[in-house]
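Peer 1: kindly generate the corresponding structure for this input.
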Amino acid sequence: MVEKIFRDPEGKKRGGEACGVRTIRTVKTVETMKTDDLVLRRATGSDAAAVAEVWLRSYAAALPDVRRAHTDDQVRAWFREVVVPHEETWVATAGDAAVAVMVLDDGDLDQLYVDPPWRGRGVGDRLVDLAKRRRPAGLELWTFQVNAPARRFYERHGFVAAEHTDGSRNEEREPDVRYVWRPGPS
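Peer 2: Residues are numbered from 1 along each chain as shown. From the prediction side, this is the model:
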């Protein structure tokens with residue numbers, strides 16, 4: 001009997017069985033993992049399911065009162081069939097786990113979602129820094145007006161609110177704000 005014991009991002013023990021051999025695998029928990037241990041890399045097809053789950057958990061935690069325009073399965077299919085294969089998609093991993101996802105589409109920072117247990121640990125900072133290096137001429141993004149933590153985060157990173165809308169142009173029909181970042185004079 002194989003018993004794999006490890007801790008998930010919340011630090012809970014998990015176990016499983018296979019093949020009749022006992023092994024123990026140790027994975028750092030969120031509490032002990034440092035952002036220096038993170039790997040930022042381009043997502044591949046094999047990451048699509050994991051980054052979709054990060055997106056789903058993060059959206060649910062950050063925007064519980066915002067109507068989602070698509071079901072969980074539609075979001076998973078979108079990451080698998082559109083986002084990962086056709087967009088510049090980046091994943092932050094800690095060990096074998098995806099903990100954040102960022103999508104760049106031309107000059108847009110189109111998606112930036114961090115798994116809730118990893119918020120406030122510098123993961124988003126590293127991804128925004130990467131986005132700025134990848135798009136040195138500037139970036140634009142949209143976020144919902146009700147998402148005050150995201151708005152503070154982007155403003156702290158030099159993004160400036162350029163447009164507020166009533167949400168009639170987004171699928172969620174939620175008032176949003178467009179932010180712009182341009183590099184300063186060198």
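Peer 1: just the CA atoms of the longest strand seen in the chain, as CSV, please.
Peer 2: In the chain, with assignment by DSSP state E, the single longest strand is strand 97-105. Only the C-alpha atoms of strand 97-105 are listed here, as CSV (Å, rounded to 0.1, in the frame of the first residue of the first chain):
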residue,chain,number,x,y,z
ALA,A,97,1.1,23.6,-7.6
ALA,A,98,-0.2,26.5,-9.7
VAL,A,99,-0.7,29.5,-7.3
ALA,A,100,-1.4,32.4,-9.8
VAL,A,101,-2.1,33.1,-13.4
MET,A,102,-1.5,36.1,-15.6
VAL,A,103,-2.5,36.6,-19.2
LEU,A,104,-1.1,39.3,-21.5
ASP,A,105,-3.0,40.1,-24.7
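Peer 1: for that strand, packing partners?
Peer 2: In terms of contact count using 3 or more CB pairs under 8 Å, 6 or more residues apart in numbering; DSSP states H and E, strand 97-105 is assigned the packing partners helix 48-62, strand 88-94, strand 108-114, helix 123-134. Yep, even glycine has a C-beta here, placed from its N, CA and C like the rest.
Peer 1: can you add mean neighbour count and give these back as CSV?
Peer 2: Output for these, formatted as CSV (neighbours: other CB atoms under 10 Å):
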stretch, mean neighbour count
helix 48-62, 19
strand 88-94, 21
strand 108-114, 21
helix 123-134, 17
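Peer 1: now these as TSV including distance to residue 101 and mean pLDDT?
Peer 2: Listed next are those as TSV, based on distance: least, CB to CB, whole Å; pLDDT from 0 to 100:
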stretch	distance to residue 101	mean pLDDT
helix 48-62	4	98
strand 88-94	6	98
strand 108-114	5	98
helix 123-134	9	98
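Peer 1: touching the longest strand of the chain from outside, list them.
Peer 2: With contact meaning CB atoms under 8 Å, 6 or more residues apart in numbering, strand 97-105 is reached by 9, 27, 38, 43, 47, 50-51, 53-55, 83, 87-93, 109-115, 118, 123-124, 127, 130-131, 134-135.
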